[in-house]
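# sharing a sequence plus its predicted fold:
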Amino acid sequence: MRGDTSDPHHWLDGDAGPVVRPYTVTAGRARPAAGGFDVVAFVVAGAPPATADPRLQPEHHAILGNSQQPISVAELAAQVDLALGVVRVLLGDLLAEGLIAMYEPQPAANFPDDKILKAVVNGLRAL
Amino acid sequence: MDSVRSDRRGTGPRIPLALKILIAGGFGVGKTTLVGSVSEIRPLQTEEVLTDAGIGTDDLTGVEAKNTTTVAMDFGRITINSDLQVYLFGTPGQDRFWFLWDELSFGALGAVVLADTRRLADCFPSVDYFEQRGTPFVVGVNCFEGAQRFSPDSVRNALDLDPEVPVVLCDARDRQSGKAVLVSLVEYVASRRGHPVPAY
């Protein structure tokens, strides 16, 4: 042994990559139990559960903590630092438990009317 | 449980309308730079873990144990007002992750295809993709320092673009320049519907 060995995990850093395989937190589930979860769908946490739900993992709680205000699925995944697919599975759990509300993109997002497009152009110019 | 999806009535939280714009182009053409220069938030990365995407395309000899691949997607956000946000997604650079694009492209307002005139062919696949999907796109010619500048028309010819597709010169590092590219895209989307957005 050489150097400072007081921290047994000194070789674990960002460059080393994750030490837990990504879908471990979903118990191997690759598809959510419910929901589609577009990358720009919005998530809002509901009232916190009265009693701690033993089925909820720290990652579920992290999602709830980050979605007190409406947040997009993409941004949520970045905030909790989990892969998009993993976050979708966890969101499916939370949706099934009634702990979050999901707002999929409105059809208007596909075909925004002229008023919206004009607002976007003006907003971009004003930045 | 009662479904609350897509329910925007009542006293629930105000959910902004989120528009998606894709930033595409070859590897290293400046997609992340463009997202960063116009985003109001530090560009965030989200990852998609692929479990079987490489089957048939990856040579796994010697790395047989590797069956997941991580693809990072950059994204940024521009808040227009409290009800309207624009999300920018840098598409994964490698061709074989295009099925991820399909999801990203779904419901997208349009796309910016970034081109580097030193490696123009790198953006052919992006142009093909959006033409086939019927997704409105503009071509942003990222003028790298020292790169020989070509006129937008010569780029248009080289890419065999439809005459109405806007081709704009830009500097992906420059916020104003990046904004101008996005404005040209939104104006183009509006004009395709026969209702051009007034200049001011």
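Arrived safely.

# okay, CA-based contacts and neighbour counts for the rest of this
Noted.

# in chain B, which helix is the longest?
Under DSSP state H, the helix in chain B containing the largest number of residues is helix B:175-192.

# which parts of that one are buried?
Taking 16 or more other Cα atoms under 10 Å in any protein chain shown as the neighbour-count basis, helix B:175-192 is seen to contain the buried residues B:175-190.

# repeat for stretch A:40-51
By neighbour count, with 16+ other Cα under 10 Å as the criterion, the buried positions of stretch A:40-51 are A:40-46.

# mind checking which of these are in helices?
When DSSP H is applied, these are split such that none fall in helices.

# could you export those residues as a markdown table, including pLDDT and distance to chain B?
Shown next, in a markdown table, are the buried residues of stretch A:40-51 (pLDDT from 0 to 100; distance: Cα to the nearest Cα, whole Å):
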| residue | pLDDT | distance to chain B |
| --- | --- | --- |
| A:Val40 | 91 | 6 |
| A:Ala41 | 93 | 8 |
| A:Phe42 | 95 | 7 |
| A:Val43 | 95 | 9 |
| A:Val44 | 96 | 8 |
| A:Ala45 | 95 | 10 |
| A:Gly46 | 89 | 10 |
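
# want to throw these into TSV with distance to A:Glu104?
Compiled in TSV, the buried residues of stretch A:40-51 are given as follows (distance: Cα to Cα, whole Å):
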residue	distance to A:Glu104
A:Val40	7
A:Ala41	4
A:Phe42	6
A:Val43	9
A:Val44	12
A:Ala45	15
A:Gly46	16
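
# re earlier: keep the buried residues of helix B:175-192, but drop any that are not near chain A.
Taking Cα under 8 Å from any Cα of the partner chain as the test, chain A is in contact with B:179-180, B:182-183, B:186-187, B:190 out of these.

# what about the helices in chain B?
So, for chain B - with DSSP H - the helices run B:31-38, B:98-105, B:124-133, B:152-159, B:175-192.

# give me every residue that touches the closest residue to B:Gly26 other than its chain neighbours.
In this structure, B:Gly26 finds its nearest non-sequential neighbour in B:Asp122, 4.8 Å apart by Cα to Cα, 6 or more residues apart in numbering or on different chains. Taking Cα atoms under 8 Å, 6 or more residues apart in numbering or on different chains as the criterion, B:Asp122 is in contact with B:25-27, B:115-116.

# circling back: keeping just the C-alphas, turn the longest helix of chain B into CSV.
Once non-C-alpha atoms are left out, helix B:175-192 reads as follows in CSV (Å, rounded to 0.1, in the frame of the first residue of the first chain):
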residue,chain,number,x,y,z
ARG,B,175,-25.5,34.4,-28.1
GLN,B,176,-26.8,36.9,-30.5
SER,B,177,-25.8,34.8,-33.5
GLY,B,178,-27.4,31.7,-31.9
LYS,B,179,-30.6,33.6,-31.2
ALA,B,180,-30.7,34.8,-34.8
VAL,B,181,-30.6,31.2,-36.0
LEU,B,182,-33.5,30.2,-33.7
VAL,B,183,-35.5,33.3,-34.9
SER,B,184,-35.0,32.2,-38.5
LEU,B,185,-36.3,28.8,-37.6
VAL,B,186,-39.4,30.0,-35.9
GLU,B,187,-40.1,32.5,-38.7
TYR,B,188,-39.7,29.7,-41.2
VAL,B,189,-42.1,27.5,-39.3
ALA,B,190,-44.6,30.3,-39.3
SER,B,191,-44.1,31.0,-43.0
ARG,B,192,-44.7,27.4,-43.9
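
# give the next helix or strand downstream of the lowest-mean-pLDDT helix or strand in chain A.
Using mean pLDDT, DSSP states H and E, the weakest-scoring helix or strand in chain A turns out to be helix A:107-110, at a mean of 63. Under the assignment DSSP states H and E, the closest C-terminal helix or strand after helix A:107-110 is helix A:114-126.

# write out the residues of chain A neighbouring chain B.
A:22, A:39-40, A:42, A:69-70, A:74-75, A:77-78, A:81-85, A:96, A:98, A:101-106, A:108-111, A:114, A:117-121, A:123-125.

# can I get the buried part of the residues you listed as one ChimeraX selection?
Applying 16+ other Cα under 10 Å to those leaves a buried subset, and the ChimeraX line that selects it is:
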select /A:22,39,40,42,69,70,74,75,77,78,81,82,83,84,85,98,101,102,103,104,105,106,109,110,111,114,117,118,120,121,123,124
